[in-house]
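Trainee: Here is a sequence together with a model predicted from it:
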Amino acid sequence: MNTSPVNTAAGRTHRLDPAGGCPHADNARLLAQGDVTRVVLPGEVAGMAVLGHDALKEFLAHPDVAKNAQHFAALQAGEIADGWPLRTFATVQGMTTADGADHRRLRSLMSKAFTARRVEELRPRVQELTTTLLDRLDRAAATGDGIADLRTHFALPLPMGVICELLGVDAEHQDRLHHLSNQIVATDIGPEEAMAANREMVEVLGSVAAARAADPGDDLTSALIAAREENGDRLGPHELLGTLMLTIIAGHETTLNLITNAVRALCAHRDQLTLLQSGEVPWPAAVEETLRWDSPVSYFPFRYPTRDLTLDGTVIPKGTPVLAGYSAAGRDKRAHGHDADRFDVTRDTATRHLSLGHGPHFCVGAPLARMEATIALERLFTRFPDLDLAAPEAQLPRHASFVGNSVRKLPVRPVP
């Protein structure tokens with residue numbers, strides 16, 4: 001991600017590059033100026049970002065910060081175009097854009113699928129799928145001069161396969177749903193493409209919901225359709241599709257980036273990999289350090305102060321769209337020590353990272369993401385202990401987004 005200073009009457013502002021890029025150098029420069037910064041979003045939309053760990057932790061749990069777009073002043077004033085690339089993050093109806101009682105109702109319905117017991121029941125399936133995909137990675141390398149794209153053959157189909165099975169989505173939809181998810185989280189997409197991606201996503205998920213309504217199964221979509229609370233409320237049609245969309249996107253994009261970033265980190269830090277392979281350090285430590293050091297999400301949209309709010313001496317005006325700067329907070333030296341830029345799986349985690357959120361909107365799928373990534377890394381580096389990158393880090397193409405934080409391809413040599 002590139003940012004460039006823009007002098008305005010309100011002070012120093014940073015323009016977020018819609019093409020994305022590696023965020024860490026820019027994050028360090030921004031953090032040196034303070035925990036909160038003004039930003040210019042695509043379409044010349046004014047916003048702010050919270051970057052410092054302590055300020056972000058406070059902001060995420062603040063009672064005067066909302067998620068519902070009714071508090072987005074520029075949107076309510078009609079100043080945001082329909083094809084704005086970040087509009088879906090604000091307007092989709094679901095758990096991530098709900099507050100108060102609505103949020104509790106939606107979270108209650110979703111959380112039943114992500115309890116510790118339900119996630120543990122998925123472990124054998126995750127292990128089975130991981131083994132199958134490692135075979136696929138091996139075959140791809142055998143036909144590709146010893147090189148295969150780890151994202152395509154392993155890091156993507158694992159979480160996408162699991163979340164689609166959980167939702168009861170047929171395998172035939174998976175590739176299309178990933179493509180559409182990628183377009184929805186892109187920040188460099190044009191208005192027509194953005195609207196088309198959203199329309200098609202709704203169409204695909206509408207067909208999934210209709211199929212499950214006609215033929216219910218032991219899956220989350222069927223459960224959401226049938227769910228009723230004691231007062232008789234159920235998920236409305238728009239809430240159902242919004243919830244499915246958010247679950248598909250968050251349920252695979254984040255874990256896909258997490259696995260990819262962890263493999264990149266471990267290949268670049270062989271001493272840390274050795275600690276894990278020897279059993280001296282448990283594999284979950286690699287997952288947590290990756291979440292901190294190279295968060296799968298860099299800037300997540302949006303939250304809105306319901307009154308003028310002061311953080312770190314900076315006023316965030318009421319109704320401002322605010323980004324949560326997870327990748328910056330993960331390397332905040334005031335929270336994680338002078339060596340916060342160093343990848344270290346033995347790090348003292350007394351100060352927890354915020355990459356899976358904090359407060360009432362903490363990621364409901366966190367236990368599943370952690371389990372998938374842990375199994376994936378341990379089995380990958382057990383099957384291919386000398387696996388290494390087949391291209392220099394600087395040549396890996398980055399996501400065209402300042403929301404997702406990873407690379408689009410990860411060529412590796414899976415050496416047994």
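Mentor: That came through, no problem. Numbering: from 1, shown residues only.

Trainee: contacts, neighbours, all on C-alpha from now
Mentor: Fine.

Trainee: I figured residue 372 hits residue 159, correct?
Mentor: Yes - with contact defined as Cα atoms under 8 Å, residue 372 counts as touching residue 159 (7.1 Å).

Trainee: For those two, list the residues in contact with both.
Mentor: Jointly contacting residue 372 and residue 159 under the rule Cα atoms under 8 Å, 6 or more residues apart in numbering are residue 255.

Trainee: how much distance is there from the biggest helix by length in the chain to the middle of the chain?
Mentor: Identified as the longest helix of the chain according to DSSP state H is helix 237-268. Chain-centre distance of helix 237-268: 5 Å, with Cα atoms, centre = their mean, to the nearest Å.

Trainee: count of residues packed around residue 315?
Mentor: Under the neighbour criterion other Cα atoms under 10 Å, residue 315 is assigned a count of 12.

Trainee: how far away is the closest residue to it other than its chain neighbours from residue 318?
Mentor: Nearest in space to residue 315, with sequence neighbours left out and distances taken as Cα to Cα, 6 or more residues apart in numbering, is residue 309 at 5.5 Å. Using Cα to Cα, to the nearest Å, residue 309 is found at 7 Å from residue 318.

Trainee: Strands of the stretch 251-400 of the chain, start to end?
Mentor: Counting by DSSP state E, counting those that start in this stretch, one finds strands in the stretch 251-400 of the chain at the ranges 299-305, 309-311, 314-316, 322-325, 388-389.

Trainee: tell me what the last one is packed against?
Mentor: It stands for strand 388-389. For strand 388-389, the packing partners by 3 or more Cα pairs under 8 Å, 6 or more residues apart in numbering; DSSP states H and E come out as helix 237-268, strand 411-413.

Trainee: Can you flag the weakest of those by average pLDDT?
Mentor: Confidence, taken as mean pLDDT, is least for helix 237-268 of the helices and strands packed on strand 388-389 (a mean of 91).

Trainee: What is that helix packed up against?
Mentor: helix 157-167, helix 174-185, helix 191-214, helix 220-226, helix 270-277, helix 283-293, helix 366-383, strand 388-389.

Trainee: okay, those, which one's buried deepest?
Mentor: helix 283-293 (a mean of 23; mean count of other Cα atoms under 10 Å).

Trainee: Centre-most residue in the protein?
Mentor: Centre of the chain computed as the mean C-alpha position; nearest residue by Cα atoms, centre = their mean is residue 254, 3.5 Å away.

Trainee: Give me the distance between residue 336 and residue 210.
Mentor: According to Cα to Cα, residue 336 and residue 210 sit 48 Å apart.

Trainee: ok, now residue 76?
Mentor: 32 Å.

Trainee: Report the contact partners of residue 290.
Mentor: 258, 261-262, 265, 343.

Trainee: By neighbours, which of those residues wins?
Mentor: Counting neighbours by other Cα under 10 Å, residue 258 comes out on top of the contacts of residue 290 with 27 neighbours.

Trainee: Could you tell me which residues make contact with that residue?
Mentor: Shown in contact with residue 258 (Cα under 8 Å, 6+ apart): 287, 290-291, 295-296, 373.

Trainee: Which residue, other than its chain neighbours, is closest to residue 98?
Mentor: residue 68 (5.3 Å).

Trainee: typo on my end, it should be residue 407
Mentor: Nearest to residue 407 is residue 398, by Cα to Cα, 6+ apart, at 4.1 Å.

Trainee: separation between the one you found and residue 220?
Mentor: Distance from residue 398 to residue 220, by Cα to Cα: 33 Å.

Trainee: what do you get for residue 263?
Mentor: Distance from residue 263 to residue 220, by Cα to Cα: 30 Å.

Trainee: Quick check: which of the helices and strands packed on helix 237-268 is nearest to residue 35?
Mentor: Of all the helices and strands packed on helix 237-268, helix 283-293 sits nearest to residue 35, with 17.0 Å by Cα to Cα.

Trainee: Next, the angle from the closest one to helix 270-277.
Mentor: If you take axes from the mean of the first three to the mean of the last three Cα atoms, to 10 degrees, helix 283-293 sits at 140 degrees to helix 270-277.

Trainee: what angle sits between helix 283-293 and helix 237-268?
Mentor: 100 degrees.

Trainee: which ones are touching residue 239?
Mentor: Contact analysis of residue 239 by Cα under 8 Å, 6+ apart lists 93-94.

Trainee: quick one: it from residue 205, how far?
Mentor: Distance from residue 239 to residue 205, by Cα to Cα: 12 Å.

Trainee: Around residue 416, how many other residues sit close by?
Mentor: Using other Cα under 10 Å, residue 416 has 12 other residues around it.

Trainee: Tell me if I'm right that it and residue 388 touch.
Mentor: No - contact criterion Cα under 8 Å: residue 416 and residue 388 do not qualify, at 10.9 Å.

Trainee: now the protein, which segments are flagged as low pLDDT?
Mentor: Across the chain, the ranges flagged by pLDDT under 70 are 1-11, 228-233, 350.

Trainee: again, 50 this time
Mentor: Applying pLDDT under 50 to the chain picks out residues 1-11.

Trainee: tell me how far the ends of stretch 155-173 are from each other?
Mentor: Taking Cα to Cα, stretch 155-173 runs 18 Å from one end to the other.

Trainee: I am finished for the moment; much appreciated.
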